[in-house]
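Participant: the following block contains a protein sequence and its predicted model.
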Amino acid sequence: MAPLFNWWGKEGHRGTPVVVKMENPNWSMLELEGPSEDDFLISDPSVRPRDKGRGKNAKQLTWVLLLKAHRAAGCLTSIAPALFGLASAVKRRVASGRTDVDADHDNEIGGGRAKENPTVKNRFYSCIKMFLWLSVLLLLFEVTAYFKGWHFGTPHLQLDYVWLTSFGVKDFFHWFYSRWVLIRVEYIAPALQFLANACIVLFLIQSLDRLILCLGCFWIRFKKIKPVPKEGAVDLESGEKNFFPMVLVQIPMCNEREVYHQSIAAVCNLDWPKDKLLIQVLDDSDDPTTQVLIKEEVEKWQQEGANILYRHRVLRQGYKAGNLKSAMNCSYVKDYEFVAIFDADFQPTPDFLKRTVPHFKDNEELGLVQARWSFVNKDENLLTRLQNINLAFHFEVEQQVNGIFINFFGFNGTAGVWRIKALEEAGGWLERTTVEDMDIAVRAHLHGWKFIFLNDVECQCELPESYEAYRKQQHRWHSGPMQLFRLCLPDIIQAKIGMGMKFNLIFLFFLLRKLILPFYSFTLFCIILPMTMFVPEAELPAWVVCYIPATMSFLNILPAPKSFPFIVPYLLFENTMSVTKFNAMISGLFQLGSAYEWVVTKKSGRSSEGDLVSLVHKEPKHQKTASAPDLEEIQRQEQKAASEKKKKKHNRIYMKELALAFLLLTASVRSLLSAQGIHFYFLLFQGISFLLVGLDLIGEQVD
């Protein structure tokens, strides 16, 4: 029962005791969250309702104000420990002295290490350093000129220059700054303004494309449009077996020690007739211990009655594409009509095949059914939350709209079912790029095959929790499409498809969304904007800096409304990632060495509560155990690997991001001289964002 206490009224209540009930029985002054004004309810029947609404008693208001002041003080006191922790983390990062340049030898690259010319590799970083030192030098000149009262503009610049040439140079610095202003006005500003205008046009085109996609998604929701399988397919409720074709399931993996057991267990529990299903575990691991563990897991499920095979390549060439190509060359594959592909960290639900395969019935033009991804660790840290925003928009807007209206989208590489005939007609898996999934999708589309995206069918997987892993993943995802564009452009032009399909592939699919987006994001917001602070004759309007990016970020966050509080960090982080994406795009477009680099994304093996709930009640009856010598060898290898992993697991300092952080922060200081409010705040917060990412203070925190 809620505690009661007497509150003796004053003159207005003639000394009558009024009982006040506190609705929060556990409230105390030491808690951050206390009762609000409405928590004090006067239960005296003599007090009329109009008296309650007329005003609050002085003591009552005093208590409320004290509670709010206590809550505000609690928030303020938490700032100091947070700043202290941040400073300590920065000190550890700097003291460790480990940078992204030192990380090359630690990369686990399937099939061998990628070799790259160091000169080519550091060229991009050298350009950024040049801009940085130039901006610092210009800032010194601008600050000195500002405090001396020199505000040179175009109208009186010529008079000042004539005065200098006529009467001699009395102040070298004055003369030098005058010459700089003249060069800036006559030569630098026009070129910079032209580049800025070109990027603004690209920015508007890309924003229009994104707006159209969002309108298409709204129309799909409003009309409740979604792909429906043909009549006579599998009835999920009655379990009627009307359409159970032969399905091959493939799980490609490489050194996936943390997650292999989850994916194998999930696939072995798919609700499909055992005589119609074959599972291939395609293990490309080069670690002997991992090979033994995965093979033991496969044998365990074989004893449980699962139709599952273990395959390991001797010649590990071509990364994932080579692995899949080798598996498709098996003689027994000709007996199967469809193939479902799941990466090692994906956990399909038991009804996955029943919800995807029926769409192929009586639809001979359908080549692919793609399911949506969901993430077990989307709330793990700030990095995973921001990734969830990006991928939620990708699936619910981009993939769904393209699937509904044009029957084409890029295959996501996993959680999809292919018609094997479509793969064969498209030429099969090729090892020519690091985006074999996009490659096979484009070639199948050129052969007339249609795709379906199922937004209501989800397959759980894991997001990278460290910035290092996410950075490597994004580099591969953005360099591969440019490689593929170079290779596929002649085939697209010569293909016997409509002009609309060619326009969609060349301009929208490749140029606009894979090339233009990272180009203008990096150039406009990370180079042109800070340079306009030192060349004020070239301008970027406020609507380019603030209003349109904020609108686009709001549209991006609509598919994940719970992430709305992270809209500002999302905008800043996307601009920060433009450095990696731009670098990857250039590498793929010009075939640099890093374009062929394949780094296996690190997993932690997380699974949500109830992911594999059906497995909890289904313990294996017989488990094959290894012999004593094997167990000792496995334990020894595991201890050695854990020791090496413990030594290597640490955060790094990323030099490109740090260089751009100093460039942006320097430009923000310069913007104070010209009193540009919006530009100053954008440059300041964007510089802080680059600084946090450069010090690896986002994502997984390790010592």
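Facilitator: Cool, the structure landed.
Participant: the longest strand along the chain - contacts with which helices or strands?
Facilitator: The strand spanning the most residues in the chain, taking DSSP state E as the definition, is strand 450-461. On a contact count with 3 or more C-beta pairs under 8 Å, 6 or more residues apart in numbering; DSSP states H and E, strand 450-461 meets helix 352-356, strand 366-375, helix 400-405. Bear in mind the C-beta positions are built from the backbone N, C-alpha and C, glycine included.
Participant: same thing but at 6 Å, please
Facilitator: Strand 450-461 makes packing contacts with strand 366-375, helix 400-405 when contacts are defined by 3 or more C-beta pairs under 6 Å, 6 or more residues apart in numbering; DSSP states H and E.
Participant: so which of the ones you listed is the most surrounded?
Facilitator: strand 366-375 (a mean of 23; mean count of other C-beta atoms under 10 Å).
Participant: quick one, it and strand 450-461 angle?
Facilitator: Angle of strand 366-375 versus strand 450-461, following axes from the mean of the first three to the mean of the last three C-alpha atoms, to 10 degrees, is 30 degrees.
Participant: can you pull up the bridge partners for the closest residue to residue 346 other than its chain neighbours?
Facilitator: Leaving aside its sequence neighbours, residue 346 sits nearest to residue 461 (C-beta to C-beta, 6 or more residues apart in numbering; 4.7 Å). Residue 461 has these beta-bridge partners by DSSP bridges: residue 375.
Participant: surely residue 461 and residue 348 touch.
Facilitator: No - here residue 461 does not reach residue 348: they are 9.8 Å apart, not a contact under C-beta atoms under 6 Å.
Participant: rewinding a little: helices or strands up against the following helix or strand past the longest strand of the chain?
Facilitator: Per DSSP states H and E, the first helix or strand lying C-terminal to strand 450-461 is helix 467-494. Under the contact definition 3+ C-beta pairs under 6 Å, 6+ apart, helix 467-494 sits against helix 436-446, helix 567-589.
Participant: elements contacting the last one?
Facilitator: Applying 3+ C-beta pairs under 6 Å, 6+ apart, one finds that helix 567-589 contacts helix 382-393, helix 467-494, helix 517-522, helix 548-557, helix 677-694.
Participant: next, the angle from it to helix 677-694.
Facilitator: 70 degrees.
Participant: nearest to residue 503, out of the helices and strands packed on strand 450-461?
Facilitator: helix 400-405 (13.7 Å; C-beta to C-beta).
Participant: by contact count, what packs against that closest one?
Facilitator: helix 189-223, strand 450-461.
Participant: mind listing residues that contact the shortest one?
Facilitator: Read that as strand 450-461. If you take C-beta atoms under 6 Å, 6 or more residues apart in numbering as the criterion, strand 450-461 is touched by 227, 345-348, 355, 359, 365-366, 368-374, 376, 396, 399-400, 403, 407-409, 415, 611.
Participant: next, work out how far apart residue 221 and residue 412 are.
Facilitator: Between residue 221 and residue 412 the computed distance is 22 Å (C-beta to C-beta, to the nearest Å).
Participant: more neighbours: which of these two?
Facilitator: residue 412 (22 against 13; other C-beta atoms under 10 Å).
Participant: tally of neighbours for the closest residue to residue 517 other than its chain neighbours?
Facilitator: Of all residues not flanking residue 517 in the chain, residue 206 sits nearest, at 5.7 Å (C-beta to C-beta, 6+ apart). Residues lying near residue 206 (other C-beta under 10 Å) number 18.
Participant: of the helices and strands packed on helix 567-589, which approaches residue 667 most closely?
Facilitator: When those are compared for distance to residue 667 using C-beta to C-beta, the nearest one is helix 677-694, at 5.1 Å.
Participant: list the helices and strands the closest one packs on?
Facilitator: Using 3+ C-beta pairs under 6 Å, 6+ apart, the elements in contact with helix 677-694 are helix 567-589, helix 655-673.
Participant: what mean pLDDT does the longest one get?
Facilitator: Just to be clear, that refers to helix 567-589. Averaged across helix 567-589, pLDDT comes to 92.
Participant: and residue 313, how many residues sit next to it?
Facilitator: 15.
Participant: let me see the contact set for it.
Facilitator: Residues in contact with residue 313, defined by C-beta under 6 Å, 6+ apart, are residue 326.
Participant: can you start the count at 337 instead of 1 from here on
Facilitator: Will do, 337 is the new start, and the previous item becomes residue 649.
Participant: from residue 767, how far out is it?
Facilitator: Distance of residue 649 to residue 767, given as C-beta to C-beta: 12 Å.
Participant: do the same with residue 886
Facilitator: According to C-beta to C-beta, residue 886 and residue 767 sit 42 Å apart.
Participant: between those two, which has more neighbouring residues?
Facilitator: residue 767 (17 against 14).
Participant: did I read that right, the more buried one in a strand?
Facilitator: No - with DSSP: H, G, I helix; E, B strand; the rest coil as the criterion, residue 767 is coil rather than part of a strand.
Participant: neighbours of the residue nearest to it when sequence neighbours are not counted, how many?
Facilitator: With sequence-adjacent residues excluded and distances taken as C-beta to C-beta, 6+ apart, residue 767 is closest to residue 654, at 3.2 Å. For residue 654, the neighbour count with other C-beta under 10 Å is 21.
Participant: next one: residue 935
Facilitator: When neighbours are defined as other C-beta under 10 Å, residue 935 has 18 of them.
Participant: would it count as being in a strand?
Facilitator: No - using three-state DSSP, the assignment for residue 935 is coil, not a strand.
Participant: just checking, it touches residue 806?
Facilitator: No - using C-beta under 6 Å as the test, residue 935 is too far from residue 806 to be in contact (11.2 Å).
Participant: next one: residue 840 from residue 581, what distance?
Facilitator: Look at residue 840 and residue 581: by C-beta to C-beta, they are 31 Å apart.
Participant: comparing the two, which residue is more hemmed in?
Facilitator: Taking other C-beta under 10 Å, residue 840 and residue 581 do not tie; residue 840 has more neighbours (18 against 15).
Participant: so what's the more buried one up against?
Facilitator: Counting by C-beta under 6 Å, 6+ apart, residue 840 has no contacts.
Participant: name the SS class of it, please.
Facilitator: helix.
Participant: kindly report the same for the one 10 residues further on.
Facilitator: In three-state terms, and counting by three-state DSSP, residue 850 is helix.
Participant: which residues of the stretch 587-736 of the chain fall in strands?
Facilitator: In the stretch 587-736 of the chain, the strands defined using DSSP state E, counting those that start in this stretch lie at 613-619, 644-648, 674-677, 702-711.
Participant: rebuild the ones you listed as a markdown table, extending it with distance to residue 825 and mean pLDDT.
Facilitator: Converted to a markdown table, the strands of the stretch 587-736 of the chain look like this (distance: least, C-beta to C-beta, whole Å; pLDDT from 0 to 100):
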| stretch | distance to residue 825 | mean pLDDT |
| --- | --- | --- |
| strand 613-619 | 31 | 95 |
| strand 644-648 | 35 | 94 |
| strand 674-677 | 27 | 97 |
| strand 702-711 | 22 | 96 |
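Participant: using CSV, please lay out those strands together with distance to residue 632.
Facilitator: Shown next, in CSV, are the strands of the stretch 587-736 of the chain (distance: least, C-beta to C-beta, whole Å):
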stretch, distance to residue 632
strand 613-619, 11
strand 644-648, 10
strand 674-677, 23
strand 702-711, 28
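Participant: among these, which comes closest to residue 1015?
Facilitator: Using C-beta to C-beta, the nearest of the strands of the stretch 587-736 of the chain to residue 1015 is strand 702-711, at 35.7 Å.
Participant: residues touching residue 889, list them.
Facilitator: Residue 889 neighbours (C-beta under 6 Å, 6+ apart): 903, 906, 907.
Participant: of those, grab the buried ones for PyMOL.
Facilitator: Selecting the buried subset of the contacts of residue 889 in PyMOL, with 16 or more other C-beta atoms under 10 Å as the burial test, is done by:
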select buried, resi 906+907
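Participant: adding distance to residue 531, write the contacts of residue 889 out as JSON lines.
Facilitator: Converted to JSON lines, the contacts of residue 889 look like this (distance: C-beta to C-beta, whole Å):
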{"residue": "903", "distance to residue 531": "29"}
{"residue": "906", "distance to residue 531": "26"}
{"residue": "907", "distance to residue 531": "22"}
